[in-house]
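J.: Return a 3D structure for these sequence lines:
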Amino acid sequence: MGNPMTDWCATCNADISGDCDRPNCIWNPDNESPAYKRVLDAMAYSQLEDILGEALAQASSGKGFERHSKGELWEDQRWHRVAKDHGLGYLTGQAAKKIGEQYGYEDPERRVQEILGAINYLAMAIYKIREDAA
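T.: Numbers count the residues shown, from 1 in each chain. The predicted structure follows:
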């Protein structure tokens, strides 16, 4: 797997058209270094990273922020207080509701927004599980 972005190696500046053959270069497919493996791992999951970034953006600056933040830290927002009163089922139920609601929309982007909301509720559920276990 060569450097996907250029015709030259960004690490060692070698002219390449695919893989770099310099032994210490992170774009050398025979390189066993941890840095090379991290680059490959990051590339292999870039689509997931993009989607999780969209969910974060929705919570921190989009619909979630507008409706729920009021300038509070994420873990101090209303969702957390309600989850303390009603338990984990509140959060997983909200996620399930969001997933169900997306079926009612024809617009693909609206469906995506509902699912991103579900991802955020599931993140809240993870936070609650860890908090309860601590």
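J.: Spatially central residue in the chain, please.
T.: Leu52 (2.0 Å; CA atoms, centre = their mean).
J.: Which elements pack onto the helix or strand where it lies?
T.: Using DSSP states H and E, Leu52 maps to helix 46-61. In this structure, helix 46-61 packs against helix 108-133, with contacts taken as 3 or more CB pairs under 8 Å, 6 or more residues apart in numbering; DSSP states H and E. (C-beta placed from N, C-alpha, C; glycine too.)
J.: Quick one: list the elements packing against the helix it packs on.
T.: Packed next to helix 108-133, using 3+ CB pairs under 8 Å, 6+ apart, are helix 46-61, helix 63-64, helix 78-86, helix 88-102.
J.: Tell me how many other residues crowd Leu91.
T.: Residues lying near Leu91 (other CB atoms under 10 Å) number 24.
J.: ok, and the closest non-adjacent residue to it?
T.: Ala125 (4.1 Å; CB to CB, 6 or more residues apart in numbering).
J.: can you count the residues close to that neighbour?
T.: A total of 19 residues lie near Ala125 under the criterion other CB under 10 Å.
J.: ok, now which ones touch it?
T.: Applying CB atoms under 8 Å, 6 or more residues apart in numbering to Ala125 gives the contacts 88, 91-92, 95.
J.: now Leu122
T.: 91-92, 95.
J.: who touches the helix holding Leu52?
T.: If you take CB under 8 Å, 6+ apart as the criterion, helix 46-61 is touched by 42, 64-65, 74, 112-113, 116-117, 119-120, 123.
J.: neighbours around Ile51, how many?
T.: Neighbours of Ile51 using other CB under 10 Å come to 14.
J.: pLDDT wise, what is it at?
T.: With respect to pLDDT, Ile51 scores 93.
J.: Ok, Asn3 next?
T.: Looking at Asn3, its pLDDT reads 45.
J.: returning to that earlier point: any idea how far Ala134 is from the residue nearest to the centre of the chain?
T.: Going from Leu52 to Ala134 by CB to CB, to the nearest Å gives 23 Å.
J.: hang on, the earlier thing: for the helix holding Leu52, buried residues please.
T.: 54-56, 58-59 (16 or more other CB atoms under 10 Å).
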